[in-house]
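S.K.: I would like the atomic coordinates for the input below:
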Amino acid sequence: MIKITSRNKKTIAKVLVFFFAISSFSSLLIYAFSKNMVYFYTPTQVSKKEAPLNSHIRVGGMVKVNSFIKSKDSLKVYFKIHDLDQEMNVTYEGILPDLFAEGQGVVMSGKLSKDGTFVASEVLAKHDENYMPPEVADMMKEKNGALYKK
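M.R.: As a prediction, this is how the structure comes out:
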C-alpha cells in the first residue's frame, strides 16, 4: 500500500493543475480556430445544397463567358461562375482585381442567399503557374530580343 505524504500530495496537485491548464488552453484554441474557419465550395456543391446559407464561405470556379454585367451607376457587378458541371449567379460590389476576366478562375468570400445567389464580399482572381506580371514579361521580351540581335 502506498502511503500518501505531503510531498506526494503536492506532486499530484501540480500534475492536476498542469493537466487542467493544458486542457483549457487546447479547448480555447480549438474554439478560436473553429470560429475563424472558412469552408470552400464549388458550384456543384452549392447546387446540391451542401453549402450553408448566410454563413461566411468561399466559392470558386471559372467566370462564365458573356455573363458579366456591370451596373451603370455603381460598382456593383453580376456574373456567373461554373465548374464545368453546374453554374451559379454571383453579385459583388467593389473594385475587381486586375486579373479578373471571363473564362478565368476566381475564388470569392461571402455569403450564399436563399435564392442561390452568392453575395461576394471579396473576389480573388486566380492565375496559372505560368503567370508573369506585364512589366516582367516586357523586360523578358527586351532581353530575348537583345540576345537574338547579337
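
S.K.: residue 91 against residue 117, yeah?
M.R.: Yes. Counting by C-beta atoms under 8 Å, residue 91 touches residue 117, with 6.0 Å between them. For glycine as for every other residue, the C-beta is placed from the backbone atoms N, C-alpha and C.

S.K.: and this protein, what are its domains?
M.R.: Listed by automatic domain parsing, the domain ranges of the chain are 1-37, 40-125.

S.K.: now this protein, which segments are flagged as low pLDDT?
M.R.: Applying pLDDT under 70 to the chain flags residues 1-2, 35-36, 127-150.

S.K.: spatially central residue for it, please.
M.R.: residue 58 (4.9 Å; C-alpha atoms, centre = their mean).

S.K.: the helix or strand harbouring that residue pairs with which strands?
M.R.: Assigned by DSSP states H and E, residue 58 belongs to strand 57-63. Sheet pairing of strand 57-63 (DSSP bridges) gives strand 40-41 (parallel), strand 76-82 (antiparallel), strand 105-112 (antiparallel).

S.K.: and of these, who's closest to residue 32?
M.R.: Taking C-beta to C-beta, strand 105-112 is the member of those nearest to residue 32, at 19.0 Å.

S.K.: now that closest one - C-alpha only, CSV.
M.R.: What follows is strand 105-112, C-alpha atoms only, in CSV (Å, rounded to 0.1, in the frame of the first residue of the first chain):
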residue,chain,number,x,y,z
GLY,A,105,-10.7,31.2,-62.4
VAL,A,106,-11.9,33.1,-59.3
VAL,A,107,-12.2,32.4,-55.6
MET,A,108,-14.7,34.6,-53.6
SER,A,109,-15.5,35.0,-50.0
GLY,A,110,-19.1,35.9,-49.0
LYS,A,111,-22.5,34.5,-48.2
LEU,A,112,-25.0,32.4,-50.0
